[in-house]
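Undergrad: Could you look at this predicted model? Sequence included:
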Amino acid sequence: DVKVTQSSRYLVKRTGEKVFLECVQDMDHENMFWYRQDPGLGLRLIYFSYDVKMKEKGDIPEGYSVSREKKERFSLILESASTNQTSMYLCASRTGTPIGYTFGSGTRLTVV
Amino acid sequence: KQEVTQIPAALSVPEGENLVLNCSFTDSAIYNLQWFRQDPGKGLTSLLLIQSSQREQTSGRLNASLDKSSGRSTLYIAASQPGDSATYLCAVRGGADGLTFGKGTHLIIQP
């Protein structure tokens, strides 16, 4: 089975800190995605990547950036964390073939 | 822009009942549709994936159908069990740029 691993289950950070959320997949998938999930708003796409060093903005990219230096790793970066970025962050990957998405177990980020 | 709606938002039924969760989407030009399960505080677990050319998929007690022309999908759960309690999410893939999710159906199965 494909595994998508998010390095932290829970994180607490202070306002203004630079925050890195890491995601690693083990099945050589080309495509990787970052979502955030909030009550009443559902899952929303932040950024995605088709390949190494490639990135595309999703629906809500403001306040975030990403890095994909290696195919298996996709990092989400909060340049200056704010309280409105408190959320559950979910990473996903898939191949280019008609296979579904595989999600990680999520990182619950609290910004205080 | 694609919009996905799930009805009902919440459902509570006694153990053993068969039940149907509904999902509708506004743009029928989809690549595929995927049903997920999410337990509280956890990530998403894929249940079923239906390609746009398919009508249904089955896995154990779960059956998902797709009517692309009318923009509808249903998830049928047979002989429900307390362990089925979770939030069920429907998501459509319209192209290369990620999934569009519904807000989910929160399901409680009463023992």
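TA: Thanks, I have it. Residues are numbered from 1 along each chain as shown, chains lettered A, B, ... in the order given.
Undergrad: Now do the contacts for residue B:66.
TA: Each residue near residue B:66 by C-beta atoms under 8 Å, 6 or more residues apart in numbering or on different chains is listed here: B:33, B:50, B:52, B:54-56, B:72-73. All C-beta atoms are positioned from the backbone trio N, CA, C, and that covers glycine.
Undergrad: Of the residues you listed, keep whichever come out buried.
TA: Buried members of those, scored by 16 or more other C-beta atoms under 10 Å in any protein chain shown, are B:33, B:50, B:52, B:73.
Undergrad: and the gap between the last one and residue B:49?
TA: With distances defined as C-beta to C-beta, to the nearest Å, the gap from residue B:73 to residue B:49 amounts to 11 Å.
Undergrad: Repeat that for the first one.
TA: Using C-beta to C-beta, we find residue B:33 at a distance of 8 Å from residue B:49.
Undergrad: residues touching the most centrally placed residue in chain A, list them.
TA: Closest to where the C-alpha atoms of chain A average out (C-alpha atoms, centre = their mean) is residue A:34, at 3.1 Å. The neighbours of residue A:34, taking C-beta under 8 Å, 6+ apart as the test, are A:21, A:23, A:45-48, A:58, A:64, A:66, A:74, A:76, A:89-91.
Undergrad: Check residue 102 and give its pLDDT.
TA: You didn't say which chain, so I picked chain A. You'll see residue A:102 listed with a pLDDT of 91.
Undergrad: Sorry, I should have been clearer: chain B.
TA: At residue B:102, pLDDT is 96.
Undergrad: Show me what from chain B comes close to chain A.
TA: Residues of chain B lying near chain A by C-beta under 8 Å from any C-beta of the partner chain: B:31-32, B:34, B:36, B:41-46, B:49, B:51, B:89, B:91, B:93, B:96-99, B:101-104.
Undergrad: If anything else comes up later, I'll come back, but that's it for now.
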